[in-house]
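Engineer: below are the sequence and a predicted model; questions follow.
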Amino acid sequence: MHKVILASAEMPMLSDIVVIFGLATLVILLFMRLKIPTIIGFLFTGAIAGPYGLSLVNASTAVEVLSEVGVILLLFVIGMEFSLKSLLSIKKAVFIGGSLQVGLTIGATTLLTYSFGFDWNVAVFFGFLFALSSTAIVLKLLQEYGQVNTIPGRTTLAILIFQDVVIVPLMLFTPMLAGESDNVLLSLLYLALKGALVILLTIISAKYIIPQLLFRVTKTRNEELFLLSIILTCFAVAYVTSLLGLSLGLGAFLAGLIISESDYSHHATGKILPFREIFLSFFFVSVGMLFDITFLYEHIFIILGLTALTFLIKFLVVAFSVRAIGQGFKEAFMVGFSIFQVGEFSLLLAKEGLKYNLLDPDTYQYFLAISILTMTITPFILKKREDLACGVLNLPLPNKLSKRLANETTPDIVLDTKELKDHLVIIGYGLNGRNLSKAAKSANIPYSIIETNPETVKTESQKGEPIMYGDAANDAVLEHVNIHKARVAVIAISNPEATKRIIASIRHITQNPYIIVRTRYLGEMEENLKLGANEVIPEEFETSIEIFTRVLNKYLVSKHDIDDFTVEIRSHNYEMFRNLSTEANSKFKVELPDINFVSLKVEKDSGDFINIPLKDAQIRDKFGINIVAIKRKSKTIAEITANEKLKLGDTVYAVGKPEALERFSEELEID
């Protein structure tokens, strides 16, 4: 009997999982063919399977629980890829930019809603709802596009972190707006104390507890135990923060920060990612299940108008907030095009509003439709956010404002452009850029550097490097380094799309510099060459060349022949490596000498060839090898005389045929 009851209790959830994953697979396959992001596929799946669609899912509460786990794991992974030092480096963006964005959005939305005839308390609550953006969607997309660690990406993350923190006081204010609480200030005081306690515990855990724990776990070499400890850390910290009245998401992010301070963060990320993807899909499905397609159809024009108004207000407020913390117009617009949507935490807050009668069912559906639509268009807008930001910058504006926008990336260090001619322009100051600048300095070649990381620019400029902040795809930045007078421009960044834009921008201004591009993969070569690059160096093939030249060195091939080999491969655009045939098409042929050069250790203190003058040992006659040097202790004997003797502990450098060297080595080793 108990088994039957248990089965009946479990089957609805099992059937719902089958329905959700089965339907999602079909929908996403279709959407992938249409090149529509998978997030929208999950939202569409929820709309079909939910109560306003075909009502295929019964255990909607269980789906919401699984979706919450997905959000927790998402924020946990983001935290692991971040660090406490990085968080402190953007504290200005978090506290000033975030508070401005939330405060101004609440103010603007309150005034607009109140003007539509809503009561002031309801208008303020609408401000709460529209102040928040979608952490889950935006951060997932930023990760997919590899833009979390860019300047706009870090600023976006900073504002979203503030939003995740501010959801707690907003939840506390909600009962007061409904007239059901009089102790909000006291609650906020308690909240501040709790927050300080959580931060203190986070720092202590990150510095002392978790690194030691993970060290002991990894010493066991048990992957299951490692995964268990990582998941325990995530949910334990999230649980503690929830007990203190803070959000689960904030706790998960703090747990990720704790892990990030250890040496095992990358390994932990790889372990968690599959779980995150599965559970996060439930979140998007659960959001889609709330969508009433009929209501949208009946009020489509009103909803579209309100959606456009939401987009405009949030974009302007975000852009203003980012500009207020000292970032450029382009970065401000890019962040504005990232977090214009209504967020998943707004959906949680809206449920509280329903409970306290701050929202009626129809108003709730309007809000829900706007939320879903803004979330749906987010992948399309965010993917093109840099192009859209540049488009805004290029709008026909009054002359004074246009000049201000054009000069908004003016660097702190002003280069003397009058003296910049026949110079090298280095775009990107990563490892390749740094090495290139060192080589240029050593060779007395004048150079200038363009970099988009303001911290790098500040640090390196203090060291005297001729570096400036700016986007090298911007004509004004290129002109500032006299690109038209440069002899060579090297693009050493890892973003293939940005590389293409930079090549096109340089060629739009001038045909003068010889453009060298570093790419990761061969597939990027052809398009870069078509855009105007003179030489494209794929890292994967250059590594192969370097390895093989060392192989040839060990075969004692002459330096001249090796140089001819590398020149031939590069001059034919790496055709030898690209050709699918296993037969070599190169005209370069090497006659490998049947000799080798080795170092042998003397392990005996006596024998036929030990402590005997070389003229008497007759090693050359007996083995057919030549001893070219002997290293004794720290001294190398390069001039070998006939009276020299081999002694215990010597290192003997000899040349000869491989089999002869092998026989001679046996004479020097202990039997």
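Structural biologist: Looks like it arrived, so ask away.

Engineer: hey, where'd the strands end up in the stretch 551-671 of the chain?
Structural biologist: 596-601, 626-632, 635-637, 651-656 (DSSP state E, counting those that start in this stretch).

Engineer: just these: most buried one?
Structural biologist: Highest mean neighbour count of the strands of the stretch 551-671 of the chain: strand 651-656, a mean of 19 (counted as mean count of other CB atoms under 10 Å). (Glycine included, C-beta is placed from N, CA and C.)

Engineer: contacts for that strand, please.
Structural biologist: 595-602, 623-632, 646, 661, 664, 668 (CB atoms under 8 Å, 6 or more residues apart in numbering).

Engineer: which parts of stretch 355-368 are buried?
Structural biologist: By neighbour count on 16 or more other CB atoms under 10 Å, the buried set for stretch 355-368 is Tyr356, Leu358, Leu359, Thr363, Tyr364, Gln365, Tyr366, Phe367, Leu368.

Engineer: mind checking the end-to-end distance for it?
Structural biologist: Using CA to CA, to the nearest Å, one end of stretch 355-368 lies 16 Å from the other.

Engineer: ditto for stretch 326-346
Structural biologist: Chord length of stretch 326-346, first to last residue, is 28 Å (CA to CA).

Engineer: stretch 108-123 now?
Structural biologist: Distance between the two ends of stretch 108-123: 10 Å, counting by CA to CA.

Engineer: just the residues contacting it, thanks.
Structural biologist: By CB under 8 Å, 6+ apart, stretch 108-123 touches 124, 126-127, 129-131, 177-179, 309, 313, 317, 358-359.

Engineer: distance between that stretch and the chain's centre?
Structural biologist: 40 Å (CA atoms, centre = their mean, to the nearest Å).

Engineer: please apply the same query to stretch 366-380.
Structural biologist: Distance of stretch 366-380 from its chain centroid, counting by CA atoms, centre = their mean, is 25 Å.

Engineer: now swap in stretch 201-214 and tell me
Structural biologist: With CA atoms, centre = their mean, you get 24 Å for stretch 201-214.

Engineer: number the chain from 129, please
Structural biologist: Sure thing, new numbering starts at 129, so read that last one as stretch 329-342.

Engineer: so which bits of it are buried?
Structural biologist: Across stretch 329-342, burial judged by 16+ other CB under 10 Å covers Leu329, Thr330, Ser333, Ala334, Ile338, Pro339, Leu342.

Engineer: now Ala334, nearest residue through space, not along the chain?
Structural biologist: Leaving aside its sequence neighbours, Ala334 sits nearest to Glu389 (CB to CB, 6 or more residues apart in numbering; 4.0 Å).

Engineer: does that neighbour touch Gln340 like I think?
Structural biologist: No - if you go by CB atoms under 8 Å, Glu389 and Gln340 don't touch, sitting 11.7 Å apart.

Engineer: for the stretch 579-728 of the chain, which residues score under the pLDDT cut-off?
Structural biologist: By pLDDT under 70, the weakly predicted segments of the stretch 579-728 of the chain are 582, 597-598, 603-604, 649-650, 668-688, 690, 695-721.

Engineer: now do the helices in it.
Structural biologist: Secondary structure of the stretch 579-728 of the chain by DSSP state H, counting those that start in this stretch: the helices cover 582-590, 603-608, 624-637, 653-659, 667-682, 687-699, 703-706.

Engineer: next one, pLDDT for Tyr392 please.
Structural biologist: Predicted confidence (pLDDT) for Tyr392: 66.

Engineer: same check on the one 5 residues further on?
Structural biologist: Reading off the per-residue confidence, Thr397 sits at a pLDDT of 73.

Engineer: can I assume it is in contact with Gly207?
Structural biologist: No - contact criterion CB under 8 Å: Thr397 and Gly207 do not qualify, at 10.1 Å.

Engineer: can you report how many residues lie near the residue nearest to Ala601 when sequence neighbours are not counted?
Structural biologist: Of all residues not flanking Ala601 in the chain, Arg629 sits nearest, at 4.0 Å (CB to CB, 6+ apart). Arg629 is flanked by 18 other residues according to other CB atoms under 10 Å.

Engineer: if I look at Arg629, how far off is Thr584?
Structural biologist: Per CB to CB, to the nearest Å, Arg629 is found 20 Å from Thr584.

Engineer: same check on Leu372?
Structural biologist: Per CB to CB, Leu372 is found 38 Å from Thr584.

Engineer: same check, this time on Ser195
Structural biologist: Between Ser195 and Thr584 the distance is 39 Å, computed by CB to CB.

Engineer: the more surrounded of those two?
Structural biologist: Between Ser195 and Thr584, counting by other CB under 10 Å, Ser195 is the more crowded of the two (23 against 18).

Engineer: so what's the more buried one up against?
Structural biologist: Phe407, Leu408, Phe410, Phe411, Phe412, Val413, Ser414, Val415.

Engineer: which element is it on?
Structural biologist: Following DSSP states H and E, one finds Ser195 within helix 188-209.

Engineer: for stretch 412-427, buried residues please.
Structural biologist: Buried-residue list, stretch 412-427, by 16+ other CB under 10 Å: Phe412, Val413, Ser414, Val415, Gly416, Met417, Leu418, Phe419, Asp420, Phe423, Leu424.

Engineer: let's have those residues in CSV, adding distance to Ile555.
Structural biologist: Output for these, formatted as CSV (distance: CB to CB, whole Å):
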residue, distance to Ile555
Phe412, 38
Val413, 43
Ser414, 44
Val415, 41
Gly416, 43
Met417, 47
Leu418, 46
Phe419, 45
Asp420, 50
Phe423, 51
Leu424, 47
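
Engineer: pipe those into CSV and attach secondary structure and pLDDT per row.
Structural biologist: CSV is the format used below for the buried residues of stretch 412-427 (DSSP: H, G, I helix; E, B strand; the rest coil; pLDDT from 0 to 100):
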residue, secondary structure, pLDDT
Phe412, helix, 78
Val413, helix, 84
Ser414, helix, 81
Val415, helix, 76
Gly416, helix, 79
Met417, helix, 82
Leu418, coil, 76
Phe419, coil, 76
Asp420, coil, 80
Phe423, helix, 87
Leu424, helix, 85
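
Engineer: from those residues, which is closest to Pro297?
Structural biologist: Val415 (24.0 Å; CB to CB).

Engineer: so the closest one makes contact with Thr502?
Structural biologist: No - using CB under 8 Å, Val415 is not in contact with Thr502; the gap is 11.6 Å.

Engineer: which stretches of the stretch 229-378 of the chain have low pLDDT?
Structural biologist: 274, 277, 296, 300, 307-316, 318-319, 349, 373, 375.

Engineer: this completes my enquiry, with thanks.
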